[in-house]
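[1] pasted the sequence and its predicted model underneath.
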Amino acid sequence: MNITRENVAIGAVVALLIIVVVIDTRETQSIPMQGMVGEIEGDIVVTLLNNAGVMIEVDDKRIYIDPFDIPDTYADYPADAVLITHDHGDHYQYSTVNMLQKENTLNVFPSIMDTEIARHDGIGVVPEDEFMIGDIKVTAYYMYTFSAQGFDASHPQESQFTSYIVDIGGFTIFHGGDTKNIPEYNDITGTIDVAMLPLGPGCQSMAEEEVVAALDEIDPDYFIPLHFTSGQNDQFCSQFRNSIEALTDCEICNLDNFETHSFVG
């Protein structure tokens, strides 16, 4: 076969194009869906991350709650505030909190996490403390589990771990963290627009019928499941949708990890 310089040049160009296409495809596939800050005026955009991680975006503010094990691409979406519910490794991750920093990022932890507060120049809160992120009011709320079958509680009440209520101009988002259905929910009945609650495991948080009972008590307009294994959210919604709809007017917003939903505040 007679190979000319023209054949070699054409082959090199084709090979280069193939490499570029492959690289571009890989980069596109590795970048998860992001929020839409500033694209739709007045919208409150919620992105479910890994485990119990959530990103809330509204106007020019971006708030993360329990960000964990997220891609490096999120460094392009730094935080105005990072809120941590407790010190378990699937809720607080040092490297992720660091990655999300920008000038004047507010880092908030339960007061018992004094080492982490010092690491990130943060502030400590206990349940019922309030603070502001611009004009967004955040209330630290209760988050704990109970002792059972001779085992100590995985999230003791005395540790004063915190869930969070994010009030955006009267539109309220509640992130429950790892919690059981606790008596303090009676005090927020009917005040929550979006409730984010864990699906389990039952030894570490509420699960199954407990989630339904918590939704009945809180009575939110929307429910977003958190803290689930692959497919567990779909299974839960299939199994308990009728019970939830029978007890509440709550709309289930079932998101997969890195899926985004917008609410009109």
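    All right, it came through fine.
[2] hey, let's count contacts and neighbours off CA atoms from now on
    Will do.
[3] all strands for the stretch 151-265 of the chain, in order.
    For the stretch 151-265 of the chain, applying DSSP state E, counting those that start in this stretch gives strands covering 162-168, 171-175, 194-198, 222-226, 251-252, 260-264.
[4] between the ones you listed, which gets nearest to Asn50?
    The minimum distance between Asn50 and the strands of the stretch 151-265 of the chain falls on strand 222-226, with 8.8 Å, by C-alpha to C-alpha.
[5] what's the angle between the closest one and strand 171-175?
    Put simply, strand 222-226 runs at 30 degrees to strand 171-175, going by axes from the mean of the first three to the mean of the last three C-alpha atoms, to 10 degrees.
[6] for the strands of the stretch 151-265 of the chain, which has the smallest mean pLDDT value?
    For the strands of the stretch 151-265 of the chain, mean pLDDT drops lowest on strand 260-264, to a mean of 92.
[7] check which helices and strands that one is in contact with.
    When contacts are defined as 3 or more C-alpha pairs under 8 Å, 6 or more residues apart in numbering; DSSP states H and E, strand 260-264 packs onto strand 43-48.
[8] rebuild the strands of the stretch 151-265 of the chain as JSON lines, extending it with mean neighbour count and distance to Leu100.
    Output for these, formatted as JSON lines (neighbours: other C-alpha atoms under 10 Å; distance: least, C-alpha to C-alpha, whole Å):
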{"stretch": "strand 162-168", "mean neighbour count": "23", "distance to Leu100": "19"}
{"stretch": "strand 171-175", "mean neighbour count": "22", "distance to Leu100": "19"}
{"stretch": "strand 194-198", "mean neighbour count": "25", "distance to Leu100": "22"}
{"stretch": "strand 222-226", "mean neighbour count": "23", "distance to Leu100": "21"}
{"stretch": "strand 251-252", "mean neighbour count": "16", "distance to Leu100": "29"}
{"stretch": "strand 260-264", "mean neighbour count": "15", "distance to Leu100": "19"}
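[9] out of the ones you listed, which gets nearest to Gly53?
    Nearest to Gly53 among the strands of the stretch 151-265 of the chain is strand 222-226; the distance by C-alpha to C-alpha comes to 8.0 Å.
[10] then the closest one to CSV, C-alphas only?
    Coordinates of each C-alpha in strand 222-226 appear next as CSV, following Å, rounded to 0.1, in the frame of the first residue of the first chain:
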residue,chain,number,x,y,z
TYR,A,222,-43.9,19.7,49.8
PHE,A,223,-41.8,16.7,50.9
ILE,A,224,-38.3,16.0,49.6
PRO,A,225,-36.8,12.7,50.7
LEU,A,226,-33.2,12.7,52.0
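[11] list the pairing partners of it within its sheet, with orientation.
    strand 194-198 (parallel), strand 251-252 (parallel) (DSSP bridges).
[12] what sits up against it?
    Identification of contacts with strand 222-226 by C-alpha atoms under 8 Å, 6 or more residues apart in numbering yields 51-53, 193-199, 215, 233, 250-255.
[13] kindly report the same for stretch 63-72.
    With contact meaning C-alpha under 8 Å, 6+ apart, stretch 63-72 is reached by 31, 49-57, 79-85, 90-93, 96-97, 99, 175.
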